[in-house]
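> following is a predicted model, sequence given first.
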Amino acid sequence: MAVFTDVSPAQLQDWLNHSNLGQLTALEGIASGIENTNYFVDVTRAGESHHYVLTLFEKLTPTELPFYLGLMHHLAAKGIPVPAPVRLSNGIFWGELNGKPCALVTRLQGRSVLQPSAAQCAAMGSWLARMHQAGADFALQQPNLRGLSWWQATAPVVAPYLPADIQRLLEDELALQTTHAMTTGYQDLPRGPVHADLFRDNALMIDDTLGGIIDFYFAGCDTWLFDLAVTLNDWCIDVATGELQAGACQAFLSAYHAVQPFTQQEAENWEMALRAAALRFWISRLYDFYLPRPAAMLTPKDPRHFERILIARRAGRYPVLPQS
Ligand SMILES: Nc1ncnc2c1ncn2[C@@H]1O[C@H](COP(=O)(O)OP(=O)(O)O)[C@@H](O)[C@H]1O
Ligand SMILES: N[C@@H](CCOP(=O)(O)O)C(=O)O
């Protein structure tokens, strides 16, 4: 379940009226998702039907929203398939409902896939490269709020729950990533706005075509390589075993490279990016597992999945980046 905050049709109609957004015709809570409250919302306006998703942000604060919603607007305006936020009567993309910041965005077509095909991985690679290019001139800056500083703050909180050998793995990887982040090789990598949570459940597919990418609420400025690593670690593995799938990796990386060619420096930093991406989700899953939000009736995602992926990447199990 992921309706943490209830919204009644009357409350929403009142909210829509403030921005002349039309007559509510349907309101349906969305069961999936773990961060925010989401509803499908249909309205008619000037005789036309419009299909939206209403999100009530359960943890994010209004200061963080201009980056996420502004980035979605920027990408949508450049033809990248992402939800376009609706501008409210006060000229901004977010408002407030039931004490929570909220936004209305366009509803995209498609469904998430459980086990993507090589063709679907190629669609993702191509989308990611185009998104990186399109985001490069986005004016706002916000760091990846689930980046190194957050790992450094959160790892000591979850470490006491772990057996000694796993604690050592966590501490060792964090120390290596901290040192790595100070190298000029890392600091000079291409960077800009990245999605940073591009898992299968955040892509809506129509057969092998991408309907669009949702859930930009972990986006931030980071290396393009980190985004690539997050995506590969989820898209290009067998969902049951966690093992990499060679065909999926090749399709994904080649499609990205065809749009935005990899540099030599990216190739040199690839292993540490894959390890960083595994570490990031290992830590967040450990946190959600051992320190769940009160009243959240959710099954926490398995932290050991990313512990295994981190161990595999440290052992050198990953595909090489294509080079021109
Ligand atoms: N713009 C959208 N278009 C179509 N479906 C959407 C859209 N945004 C969210 N959804 C649906 O809502 C579900 C939950 O959204 P998500 O952003 O993953 O929630 P959370 O931020 O809580 O993890 C998605 O799996 C998808 O089915
Ligand atoms: N993708 C993350 C958790 C974030 O959840 P989302 O539903 O907001 O994408 C994970 O799998 O750990």
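Cool, the structure landed. As the structure is a computational prediction, the values presented were derived from the model and not from experiment. Ligands and ions are numbered 1, 2, ... in the order given.
> could you list the residues of the stretch 101-250 of the chain in contact with ligand 1?
Residues of the stretch 101-250 of the chain lying near ligand 1 by Cβ under 6 Å from any ligand atom: 105, 107, 108, 201, 202, 204, 214, 215, 217. Heads up, the C-betas are built off the backbone N, CA and C, glycines and all.
> need the longest helix for this structure.
As assigned by DSSP state H, the longest helix anywhere in the chain is helix 264-290.
> list the contacts of residue 108.
Contacts here follow Cβ atoms under 8 Å, 6 or more residues apart in numbering; on that basis residue 108 touches 81, 82, 83, 204, 211, 212, 214.
> let's see it at 6 Å
Neighbouring residues of residue 108 by Cβ atoms under 6 Å, 6 or more residues apart in numbering: 83, 204, 211, 212.
> thought residue 278 was touching residue 309?
Yes. Between residue 278 and residue 309 there is a contact under Cβ atoms under 6 Å: 4.4 Å.
> what do these two both touch?
residue 233.
> where does the stretch 1-150 of the chain have low pLDDT?
Where the stretch 1-150 of the chain drops to pLDDT under 70, the residues are 1.
> and if we set it to 90?
Counting by pLDDT under 90, the ranges of the stretch 1-150 of the chain that qualify are 1-4, 31-35, 59.
> ok, the stretch 201-324 of the chain next?
239-242, 292-300, 324.
> now do the domain split for the chain, please.
Following automatic domain parsing, one finds the domains of the chain at 9-106, 118-314.
> out of these, which comes closest to residue 112?
Comparison of the domains of the chain against residue 112 by Cβ to Cβ identifies domain 118-314 as nearest, at 4.8 Å.
> the closest one: end-to-end distance?
Using Cα to Cα, to the nearest Å, one end of domain 118-314 lies 25 Å from the other.
> ok now that domain, how far from the chain's centre?
9 Å (Cα atoms, centre = their mean, to the nearest Å).
> please list all residues in contact with the closest residue to ligand 1 within the stretch 1-150 of the chain.
Here the stretch 1-150 of the chain gets closest to ligand 1 at one residue, residue 33, 2.5 Å apart by Cβ to the nearest ligand atom. Residue 33 makes contacts with residue 2, as judged by Cβ under 6 Å, 6+ apart.
> that one - that's part of a helix, no?
No. With DSSP: H, G, I helix; E, B strand; the rest coil as the criterion, residue 33 is assigned coil and is not in a helix.
> for residue 150, grab the count of nearby residues.
Residue 150 has 16 neighbouring residues, counting by other Cβ atoms under 10 Å.
> tell me the SS of it?
From three-state DSSP, the assignment for residue 150 is helix.
> who touches residue 86 in this structure?
Applying Cβ under 6 Å, 6+ apart, the residues near residue 86 are residue 104.
> gap between the nearest residue to residue 188 once chain neighbours are set aside and residue 37?
The shortest distance from residue 188 to any non-neighbouring residue, by Cβ to Cβ, 6 or more residues apart in numbering, is to residue 265 (6.4 Å). Separation of residue 265 from residue 37 (Cβ to Cβ, to the nearest Å): 42 Å.
> good, we can wrap up now.
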